[in-house]
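1. got a predicted structure plus its sequence, pasted below:
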Amino acid sequence: MKVYVKNMVCHRCVLAVQTILDNLNLNYKSVTLGEIEFQDSLGSDNKEKLSQELQAIGFELIDDKKNQLIERIKSAIITHIHHDKELIKINLSDFLASELGYEYNYLSNLFSEVEGTTIEKYVILQKIEKVKELIVYDELSLKEIASLLGYSSVAYLSNQFKKVTGLTPSHFKIIGQQKRVPLDHL
């Protein structure tokens, strides 16, 4: 049995959910971004306890099928951009279709309908957050960051960065982390 969890965006989120499951003595097979797979069916009492514990740390269970798929799309995009350097080289629409088992047009239309924005705009926001992170770490040049995230040029990255943040990457570097947004708030 699988349940879907909203707002899981990183490995620490997975660890936090695993801790809750362990504390509640719930047998689970796996925990990944946005998803918990259980050994057996989850009774309504356990589901309610789990829901309360998750809400206490900023997560929530998703029962609606459309919203479950939206959360799976978001998790796949986050993985695509933030957690796997090789995935960024794969075409996003192909990746999403393959990963989720639906045609990209269906996923795109559903995402726009439910979220009020396009997958493309969501991806841009995620990429810009990754750029901010990499700028703050100060380990890569802007050219290397552009290449890593699949931008065709530093100029294109800089223009998109300024459109989203109102700042140039170099100005952002000066003011640093105070402009970062948690991934679950995008």
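-> Nice, thanks for sending it over. Residues are numbered from 1 along each chain as shown.
2. quick one: low-confidence ranges for this structure?
-> The chain contains residues with pLDDT under 70 at 87-88, 176-186.
3. which residues of it fall in helices?
-> Listed in chain order, the helices of the chain (DSSP state H) span residues 11-23, 44-56, 65-78, 92-100, 104-115, 119-137, 142-148, 154-165, 169-175.
4. just put these in JSON lines and tack on distance to L33 and mean neighbour count.
-> (Each C-beta comes from the backbone N, C-alpha and C, glycine too.) Formatted as JSON lines, the helices of the chain follow (distance: least, CB to CB, whole Å; neighbours: other CB atoms under 10 Å):
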{"stretch": "helix 11-23", "distance to L33": "7", "mean neighbour count": "15"}
{"stretch": "helix 44-56", "distance to L33": "14", "mean neighbour count": "14"}
{"stretch": "helix 65-78", "distance to L33": "4", "mean neighbour count": "19"}
{"stretch": "helix 92-100", "distance to L33": "12", "mean neighbour count": "16"}
{"stretch": "helix 104-115", "distance to L33": "17", "mean neighbour count": "15"}
{"stretch": "helix 119-137", "distance to L33": "13", "mean neighbour count": "18"}
{"stretch": "helix 142-148", "distance to L33": "20", "mean neighbour count": "17"}
{"stretch": "helix 154-165", "distance to L33": "23", "mean neighbour count": "16"}
{"stretch": "helix 169-175", "distance to L33": "26", "mean neighbour count": "14"}
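5. among these, which comes closest to K2?
-> helix 65-78 (8.8 Å; CB to CB).
6. how much distance is there from that closest one to the middle of the chain?
-> Taking the mean of its C-alpha atoms, helix 65-78 sits 9 Å from the chain's own mean (CA atoms, centre = their mean, to the nearest Å).
7. restricting to C-alpha, output it in PDB.
-> Output in PDB follows, covering the C-alpha atoms of helix 65-78 (Å, rounded to 0.1, in the frame of the first residue of the first chain):
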ATOM      1  CA  LYS A  65      -5.700  11.100  -6.900                       C
ATOM      2  CA  LYS A  66      -5.100  14.300  -8.800                       C
ATOM      3  CA  ASN A  67      -3.100  15.900  -6.000                       C
ATOM      4  CA  GLN A  68      -1.200  12.700  -5.500                       C
ATOM      5  CA  LEU A  69      -0.100  12.800  -9.100                       C
ATOM      6  CA  ILE A  70       0.800  16.500  -8.800                       C
ATOM      7  CA  GLU A  71       3.000  15.700  -5.800                       C
ATOM      8  CA  ARG A  72       4.700  12.900  -7.800                       C
ATOM      9  CA  ILE A  73       5.400  15.400 -10.600                       C
ATOM     10  CA  LYS A  74       6.900  17.900  -8.100                       C
ATOM     11  CA  SER A  75       9.000  15.100  -6.500                       C
ATOM     12  CA  ALA A  76      10.200  13.900  -9.900                       C
ATOM     13  CA  ILE A  77      11.200  17.500 -10.900                       C
ATOM     14  CA  ILE A  78      13.000  18.100  -7.600                       C
END
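8. right, I'll leave it there.
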